[in-house]
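Chemist: Predicted model and sequence follow; I will ask about them next.
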Amino acid sequence: MSKVAAITALLQKCKKIINTLHFKTELLESELLTTNDAIAATELLDKISDIKAVLDADEQTVSDDVDAEDMTALSDAPETSESDQKHQQPMPRKFQRLQNEVRTCWNSSLHMIDSILYLQAEVSNALKRTGH
């Protein structure tokens, strides 16, 4: 019976969070954009470090024995690593906004909790900005 009380308390906290941020979607969207900008910046820095590593490796491996024909043959072959393929397709965000509980939908409580967990950093920052 204590487990049911804990679940009920968790659901009440989630509902309170959603009600607090219900008419403050611009705060949540602002936090979401900030998070997306940080992710994009991190990906860009990763690409820059990958390119720098490749350039450093090229400088170390180029020798006087390699002639111009060999260099053009090497440069014509495109190389794509796993990290390049992973960065080409951005992952879509699972939730763009908080999901509210609907009494007639049996799994809406799960979606509500899942959306809060997925947007946890954004929700936390938005709640701090509203004074909660």
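Modeler: Done, it's in. Numbers count the residues shown, from 1 in each chain.
Chemist: Now stretch 98-116: buried residues?
Modeler: Residues of stretch 98-116 classed as buried under the neighbour-count rule (16 or more other Cβ atoms under 10 Å) are L98, Q99, S109, H111, M112, I113, S115, I116. Where C-beta positions appear, they are placed from N, C-alpha and C, glycine not excepted.
Chemist: what do you get for stretch 116-125?
Modeler: Neighbour-count burial for stretch 116-125 flags I116, Y118, L119, E122, V123, N125 (criterion: 16+ other Cβ under 10 Å).
Chemist: For those residues, work out which two are farthest apart.
Modeler: Within those, two members stand farthest from each other by Cβ to Cβ: Y118 and N125, at 14.3 Å.
Chemist: SS state for the most centrally placed residue in the chain?
Modeler: Geometric centre of the chain, nearest residue: I39, 6.0 Å, by Cα atoms, centre = their mean. Three-state assignment for I39 (DSSP: H, G, I helix; E, B strand; the rest coil): helix.
Chemist: in this structure, which helix or strand is least confident?
Modeler: The helix or strand of the chain with the poorest confidence is helix 82-88; it has a mean of 52 (mean pLDDT, DSSP states H and E).
Chemist: Just the residues contacting the very next helix or strand once past that helix, thanks.
Modeler: Moving toward the C-terminus from helix 82-88, the next helix or strand (DSSP states H and E) is helix 108-118. If you take Cβ atoms under 8 Å, 6 or more residues apart in numbering as the criterion, helix 108-118 is touched by 10-11, 14-15, 17-18, 93-95, 97-102, 123.
Chemist: From those, pick the one nearest E59.
Modeler: Nearest to E59, judged by Cβ to Cβ, of the contacts of helix 108-118 is R93 at 39.2 Å.
Chemist: Tell me where the model's unsure across the protein.
Modeler: 1-3, 62-95 (pLDDT under 70).
Chemist: How far does the helix or strand where D58 lies sit from its chain's centre?
Modeler: If you go by DSSP H and E, D58 is part of helix 25-61. The chain centroid and the centroid of helix 25-61 are separated by 12 Å under Cα atoms, centre = their mean, to the nearest Å.
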